[in-house]
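# model this:
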Amino acid sequence: MTRILIADDHEIVRQGVKAILSKRERWEVVGEAANGRDAVEQARATQPEIAILDYALPFINGVEAARQIRLHSPKTEVLIFTQHDNEALLRNILEAGVRGYLLKTDATQYLVQAVEALEHRQPFFTKTVSDMLVSSYLAKTDSSPSILTSRETSVVKLIAEGHSNKETAAVLGLSEKTVETHRAAAMRKLDAKSTAALVRYAIRNRLIEA
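Purely as a prediction, here's the structure:
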């Protein structure tokens, strides 16, 4: 059996994914989570072969959850399942070791194919996403320092949600000083002069809901 973990903050989405996966007898959903923190804990407990994670999870976003899951369960393959398709997110998921990315709008057509690919330790990206990655790579230049790392993005998201540096450190399992370093780096790259500027960036890039 291939054990699968599903994490999405909308129960109707989790149930929809489960319904699609239940068509395969060898696939078993061993856990569900409504936020990134619970997803990491369930992955530790169940050690699934595949974790399907929404990007916009509460507490810890899907990319940071993937990073932590891969740290404690390196054999778990991760599929980021999201409605967001920007290039910065794609770069962040690759940096976190994620090898699967699927838009929710493509779920009916590609979800089974995506899980099958990860089940066999193969990456999965639709042609549209692959083209976006190639275009991003070809357009990348040394004059684009404003791209945040996945860890910086996680810090910005939590701060934009109203968490203090201390609370952000606790959520991400980092020292407060490390959080301050990532926050300063993000503000420098974004030329953000205040927390309000970080909040605007987070809303504009769909890290948080307006």
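# Okay, helices next: where are they in the protein?
Per DSSP state H, the chain carries helices over the ranges 11-21, 36-46, 62-72, 87-95, 107-119, 127-139, 150-160, 165-172, 176-190, 195-204.
# Need the ones you listed in TSV (columns: distance to residue 54 and mean neighbour count).
From N, CA and C alone the C-beta is placed, and that goes for glycine too. Output for these, formatted as TSV (distance: least, CB to CB, whole Å; neighbours: other CB atoms under 10 Å):
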stretch	distance to residue 54	mean neighbour count
helix 11-21	7	15
helix 36-46	9	20
helix 62-72	6	24
helix 87-95	12	19
helix 107-119	12	17
helix 127-139	16	12
helix 150-160	13	24
helix 165-172	17	18
helix 176-190	23	17
helix 195-204	17	16
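# Select the helix or strand of the chain having the lowest average pLDDT value.
Across the helices and strands of the chain, mean confidence by mean pLDDT, DSSP states H and E is lowest for helix 127-139: a mean of 65.
# Could you dump the helices of the chain into JSON lines and include distance to residue 79?
Below are these laid out as JSON lines (distance: least, CB to CB, whole Å):
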{"stretch": "helix 11-21", "distance to residue 79": "10"}
{"stretch": "helix 36-46", "distance to residue 79": "12"}
{"stretch": "helix 62-72", "distance to residue 79": "9"}
{"stretch": "helix 87-95", "distance to residue 79": "10"}
{"stretch": "helix 107-119", "distance to residue 79": "6"}
{"stretch": "helix 127-139", "distance to residue 79": "12"}
{"stretch": "helix 150-160", "distance to residue 79": "16"}
{"stretch": "helix 165-172", "distance to residue 79": "22"}
{"stretch": "helix 176-190", "distance to residue 79": "26"}
{"stretch": "helix 195-204", "distance to residue 79": "24"}
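# which stretch in those helices is the model least sure about?
Note on the helices of the chain: lowest mean pLDDT is at helix 127-139, with a mean of 65.
# how does the protein divide up, domain by domain?
Using the TED database, the domains assigned to the chain come out as 2-140, 150-205.
# Run the chain-centre distance for the longest one.
The one in question is domain 2-140. In terms of CA atoms, centre = their mean, to the nearest Å, the centre of domain 2-140 is found 7 Å from the chain centre.
# Can we start the residue count at 23 from this point?
I'll keep to 23 as the first residue from here, and by that count the last item is domain 24-162.
# hang on, residue 112 packs against residue 151?
Yes. Between residue 112 and residue 151 there is a contact under CB atoms under 8 Å: 6.9 Å.
# For residue 101, see how far away residue 28 is.
Distance, residue 28 to residue 101, using CB to CB, to the nearest Å: 10 Å.
# what residues are shared contacts of those two?
residue 74 (CB atoms under 8 Å, 6 or more residues apart in numbering).
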